[in-house]
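Chemist: I would like the atomic coordinates for the input below:
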Amino acid sequence: MQSYDLRSNDCIMYFICFMCYFSKPGCRQAPQLLKLNMAKYTRQQPHLLKIIPPFEHSIVVKGDNISWNNPWHFHPEIELIHCIKGKGTTFIGNSIRAVEEGEVLLIGCNVPHTRQRDRDYYLSHPDEEPESIIVQFREDFLGDRFFDVREFIPIKDMLARALRGVKFLGETRRLVAACLQRMRVLEGAPRIVELLLLLDLMAHSQEFNYLNTTNYISDAHEKSSQKINKVYHYTIDHFRDPIALSTVASLTGHSTASFCRYFKTRTRTSYIQYLTEMRIAFACQQLMDGSVDVGQVCFSSGFNNLSHFHKQFRRLMGMTPGEYMKRSTKKVVGE
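Modeler: All right, here's what the predicted structure looks like:
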């Protein structure tokens, strides 16, 4: 894989050349390239989460500790996440999976997502905190047609693929994590250069997995999102207990049958499938720890039948719980 030194003078010149290209006479985008057009934010329809970068910056680079009761939300900004350490569950579109330390995730525009702490773990370990680096930016933060330039088409294509949610692996993950650490201390043009070359690195990498089988098309209506948010938070708090569909349906004011149709229309998956995936994600988290047996994991994850647990785990993960535990233990030892 090609090596990138994102701090070199050549990289600065690379960025300046493209800025000059767009700043030539007749280019309508030039006045917008080095500052964020804040008026765009005020003209947007209401979103569940509104992100406004600091006045002097056009992108957001920040630390994140997976706050308690982190809401199910979406926003027009693309989001890049590097988890340094943490335990919990990640929800991106229809994907539900355990948080992995060291993971790098790319989330597309308006894809609903949230990350939830492992409540039991952090209540019993109050001195520990999750730690992540997050970068958020709009696709047009350098102008409406910046990524239409031929050399940037791979980046534009990658940002489109991010509507499925992308998880980077291997050497790409290591390089991206190092770049994000540098971005935390950079300011001004060098930070933008770092981001551009970071995007170029990811765009040309083959070391990734999709988190969803298809692009997630979000329902950007605020009222609808609030209803779905109630369902998600109730499920997060009670998935290890028996859950009646009638109870969940009452949260949105629907009958059981109409709720099932409503949920599938909004999320493109059934509620039962969503609940099962959440329980399996929690089971994966427990199995990675390797401190409890499969039977305990089954019942602590909300399943009341060991055979059914094995069947659902194999269907979603492609292996048995025991095999998953062995592979996770070997990975930790290898690291």
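Chemist: tell me if I'm right that residue 269 and residue 94 touch.
Modeler: Yes - with contact defined as Cβ atoms under 8 Å, residue 269 counts as touching residue 94 (4.8 Å). Bear in mind the C-beta positions are built from the backbone N, C-alpha and C, glycine included.
Chemist: what about the strands in the stretch 151-300 of the chain?
Modeler: In the stretch 151-300 of the chain, the segments counted as strands under DSSP state E, counting those that start in this stretch are 166-168, 208-210.
Chemist: for residue 99, which of those is the nearest?
Modeler: strand 166-168 (11.6 Å; Cβ to Cβ).
Chemist: other residues contacting that closest one?
Modeler: With contact meaning Cβ atoms under 8 Å, 6 or more residues apart in numbering, strand 166-168 is reached by 103-106, 158, 176, 202, 205, 207-211.
Chemist: where does the stretch 51-200 of the chain have low pLDDT?
Modeler: In the predicted model of the stretch 51-200 of the chain, residues 51-56 satisfy pLDDT under 70.
Chemist: at 50 what do you get?
Modeler: By pLDDT under 50, the stretch 51-200 of the chain contains no weakly predicted segment.
Chemist: can you give me the helices for it?
Modeler: 119-124, 153-161, 170-183, 188-203 (DSSP state H, counting those that start in this stretch).
Chemist: got the contact list for the spatially most central residue of the chain?
Modeler: Nearest to the mean C-alpha position of the chain, by Cα atoms, centre = their mean, lies residue 107 at 4.7 Å. Contacts here follow Cβ under 8 Å, 6+ apart; on that basis residue 107 touches 78, 79, 80, 81, 92, 113, 162, 165.
Chemist: equivalent analysis for residue 59, please.
Modeler: Counting by Cβ under 8 Å, 6+ apart, residue 59 has contacts 53, 135, 136, 137, 141, 191, 192, 195.
Chemist: and these as a markdown table, adding neighbour count and distance to residue 86?
Modeler: A markdown table is the format used below for these (neighbours: other Cβ atoms under 10 Å; distance: Cβ to Cβ, whole Å):
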| residue | neighbour count | distance to residue 86 |
| --- | --- | --- |
| 53 | 19 | 24 |
| 135 | 24 | 17 |
| 136 | 19 | 18 |
| 137 | 23 | 23 |
| 141 | 22 | 27 |
| 191 | 19 | 24 |
| 192 | 22 | 28 |
| 195 | 23 | 23 |
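Chemist: which of those lies closest to residue 277?
Modeler: Among the contacts of residue 59, and counting by Cβ to Cβ, the member closest to residue 277 is residue 136, at 25.8 Å.
Chemist: the closest one and residue 166: what is the separation?
Modeler: From residue 136 across to residue 166, the span is 15 Å (Cβ to Cβ, to the nearest Å).
Chemist: how about residue 205?
Modeler: 10 Å.
Chemist: I'd like the mean pLDDT over the longest helix that the chain contains, please.
Modeler: If you go by DSSP state H, the chain has its longest helix at helix 271-289. Helix 271-289 shows a mean pLDDT of 87 in the predicted model.
Chemist: likewise stretch 292-304?
Modeler: The average pLDDT within stretch 292-304 is 93.
Chemist: buried set for that stretch?
Modeler: Neighbour counts over stretch 292-304 (16 or more other Cβ atoms under 10 Å) mark 294, 297, 298, 301, 302, 303 as buried.
Chemist: rewinding a little: neighbour count and distance to residue 321 added to the contacts of strand 166-168, as a markdown table?
Modeler: Below are these laid out as a markdown table (neighbours: other Cβ under 10 Å; distance: Cβ to Cβ, whole Å):
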| residue | neighbour count | distance to residue 321 |
| --- | --- | --- |
| 103 | 20 | 21 |
| 104 | 24 | 26 |
| 105 | 27 | 24 |
| 106 | 25 | 29 |
| 158 | 21 | 34 |
| 176 | 21 | 30 |
| 202 | 25 | 32 |
| 205 | 20 | 31 |
| 207 | 16 | 27 |
| 208 | 19 | 26 |
| 209 | 10 | 21 |
| 210 | 15 | 24 |
| 211 | 24 | 21 |
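Chemist: tell me which of those is nearest to residue 64?
Modeler: Set against residue 64, the nearest of the contacts of strand 166-168 by Cβ to Cβ is residue 105 (12.0 Å).
Chemist: list the contacts for that closest one?
Modeler: Counting by Cβ under 8 Å, 6+ apart, residue 105 has contacts 80, 81, 83, 90, 92, 165, 166, 167, 168, 211.
Chemist: which residues does it form beta bridges with?
Modeler: residue 81, residue 167 (DSSP bridges).
Chemist: how much space separates it from residue 134?
Modeler: Residue 105 is 10 Å from residue 134, where distance means Cβ to Cβ.
Chemist: same question for residue 266.
Modeler: Distance from residue 266 to residue 134, by Cβ to Cβ: 25 Å.
Chemist: tell me which of the helices of the stretch 51-200 of the chain sits most buried.
Modeler: Of all those, helix 188-203 has the most neighbours on average by mean count of other Cβ atoms under 10 Å, namely a mean of 19.
Chemist: perfect, that will be all.
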